[in-house]
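S.K.: Predicted model and sequence follow; I will ask about them next.
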Amino acid sequence: MTAVHLAEPPHGIPVSPLLTCHPDKRLLYGADTYYQESHGQLAALTDDITGFAHRHAALLLKPDAVVARRLDAAVDWLSGQGYRIVGAAVTRLTRTMIRSLWYFQWNLATPHRRRLAALFLEDADALVLLVRPEHDLDIPASVELTRLKGPTDPDARRPGQLRHLLGRYSYLLNLAHTPDEPADVLRELAVHFDDAARDRLFRSALADEDRTADALELTGRLYAATKPRDLDFDPAVARLRDIVSLHRGADPAATPRKLLETAWEQGIDLDPWDAVIVGSKVLPMREPGRAPVLDGADVGTWRRHLDTVRATPS
């Protein structure tokens, strides 16, 4: 992965090497307002910030998971993987929040991806679950949950992974997101929630009580507030073709990509979900040749990193 070398001195608070594998992330997050807010608030509640961040992971179930009615399946999957829900809250993924969450990765996104994300991420609320494993792990809970969640590429997902279970629709419609590392868990909770909501989540997690019932109650509210949607490609193409065929100069026999591009060129009013379903399959989502500014680290990398950190004299 490509390193971003930053000049000293750092412009923020120290970030423990136990919270991320990446030296550059330690510098960037130490100066990041979201990370600082979570870290400061958690420090007022516990002396063991590192332990808290290692023991807890977060799962964001996005608006596509809401309209596809897959929240219940995700809750059941977590239990089957030995994760207990210790906090649950609803969030709304605004344009600004989307860019804040993936600020260090969206340099990879194409203009098509940005346009499509804006169509569906603000269409419904989303659910954040704060979870911890029932048994201690030798790696952070967030790293293991990210492994179990499965990759962004739908063709690379495997049975047993959450994203395989929820639906292999497309690169963009992946239904679930997890912060990669402990530092990301802290930062992303501050992106989603204000001080009061974050305080409730932190206190709930520190109490270590099962909040599955809360998650299911919020699931019911989210379902009641949104219309269910079919996210399959072929029906969406058929609906798109029907709309385009009503407009002069449009070729209803064109490829799905051409149909969508024609609709946009002519200002045809499309169902936003159909535009996302089709567009995320036929349009490029990632700029070639680019690496993310910051990335996660796999299980093997984390084990080696922890061995190194623990062997280094303080």
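M.R.: Looks like it came in fine. Residues are numbered from 1 along each chain as shown.

S.K.: any idea how this structure splits into domains?
M.R.: 23-228, 233-282 (automatic domain parsing).

S.K.: right, and these - which one's nearest G296?
M.R.: Within those, the stretch nearest G296 is domain 23-228; the backing value is 2.9 Å (Cβ to Cβ). For every residue, glycine as well, the C-beta is placed using N, CA and C.

S.K.: sorry, back to before: single out the most deeply packed of the domains of the chain.
M.R.: domain 23-228 (a mean of 19; mean count of other Cβ atoms under 10 Å).

S.K.: weakest of the domains of the chain in terms of mean pLDDT?
M.R.: Looking at these, the lowest mean pLDDT belongs to domain 233-282 (a mean of 91).

S.K.: Just the terminal-to-terminal distance for it.
M.R.: Taking Cα to Cα, to the nearest Å as the measure, domain 233-282 stretches 10 Å from start to finish.

S.K.: Okay, helices next: where are they in the stretch 1-150 of the chain?
M.R.: Secondary structure of the stretch 1-150 of the chain (DSSP state H, counting those that start in this stretch): helices at 23-30, 33-43, 49-55, 63-67, 71-80, 95-101, 111-120, 141-149.

S.K.: Can you tell me which of the domains of the chain is nearest to P313?
M.R.: domain 23-228 (17.7 Å).

S.K.: quick one, strands of the stretch 101-250 of the chain?
M.R.: Remark: strands assigned in the stretch 101-250 of the chain by DSSP state E, counting those that start in this stretch are 126-133, 176-177.

S.K.: what's the closest of these to P284?
M.R.: strand 176-177 (20.6 Å).

S.K.: Nearest residue to the most centrally placed residue in the chain in space, please, no chain neighbours.
M.R.: The chain has H177 as the residue nearest its centroid, 2.7 Å off, counting by Cα atoms, centre = their mean. With Cβ to Cβ, 6 or more residues apart in numbering as the criterion, H177 has its nearest non-adjacent residue at 4.3 Å, and that residue is L60.

S.K.: Tell me the spacing between that neighbour and T20.
M.R.: 19 Å (Cβ to Cβ, to the nearest Å).

S.K.: Am I right that L218 is in contact with D125?
M.R.: No. Here L218 does not reach D125: they are 9.1 Å apart, not a contact under Cβ atoms under 8 Å.

S.K.: Contact partners for E134?
M.R.: G82, Y83, R84 (Cβ atoms under 8 Å, 6 or more residues apart in numbering).

S.K.: nearest to R113, of these?
M.R.: Nearest to R113 among these, with distances taken as Cβ to Cβ, is Y83, at 29.5 Å.

S.K.: wait, the closest one sits on P133?
M.R.: Yes. Counting by Cβ under 8 Å, Y83 touches P133, with 5.6 Å between them.

S.K.: which residues are common contacts for those two?
M.R.: A141.

S.K.: Give me the common contacts of L218 and D125.
M.R.: With Cβ under 8 Å, 6+ apart as the test, L218 and D125 both reach V90.

S.K.: check contacts around the closest residue to R92 other than its chain neighbours.
M.R.: Nearest residue to R92, sequence neighbours excluded (Cβ to Cβ, 6+ apart): D125, at 5.2 Å. If you count contacts by Cβ under 8 Å, 6+ apart, D125 has them with P63, V66, V90, T91, R92, L222, A225, T226.

S.K.: Under a three-state scheme, what state does I277 occupy?
M.R.: Assigned by DSSP: H, G, I helix; E, B strand; the rest coil, the conformation of I277 is helix.

S.K.: Now it. Nearest residue, chain neighbours left out?
M.R.: Per Cβ to Cβ, 6+ apart, closest to I277 is A236, 3.9 Å.

S.K.: contacting residues around the one you found?
M.R.: D230, W273, D274, I277, V278.

S.K.: try it again with 7 Å
M.R.: Listed by Cβ atoms under 7 Å, 6 or more residues apart in numbering, the contact partners of A236 are D274, I277, V278.

S.K.: which of these lies closest to L129?
M.R.: The closest of these, once distances to L129 are taken by Cβ to Cβ, is I277, at 25.2 Å.

S.K.: how close does the closest one get to V67?
M.R.: Taken as Cβ to Cβ, the span from I277 to V67 is 11 Å.

S.K.: Distance of L175 relative to S280?
M.R.: From L175 to S280 the distance is 12 Å (Cβ to Cβ).

S.K.: and for stretch 290-308, what are the contacting residues?
M.R.: Everything outside stretch 290-308 that qualifies as a contact, by Cβ under 7 Å, 6+ apart, is 1-2, 4, 21-22, 24-25, 28, 104-105, 107-108, 138-140, 143-144, 146-147, 180-181.
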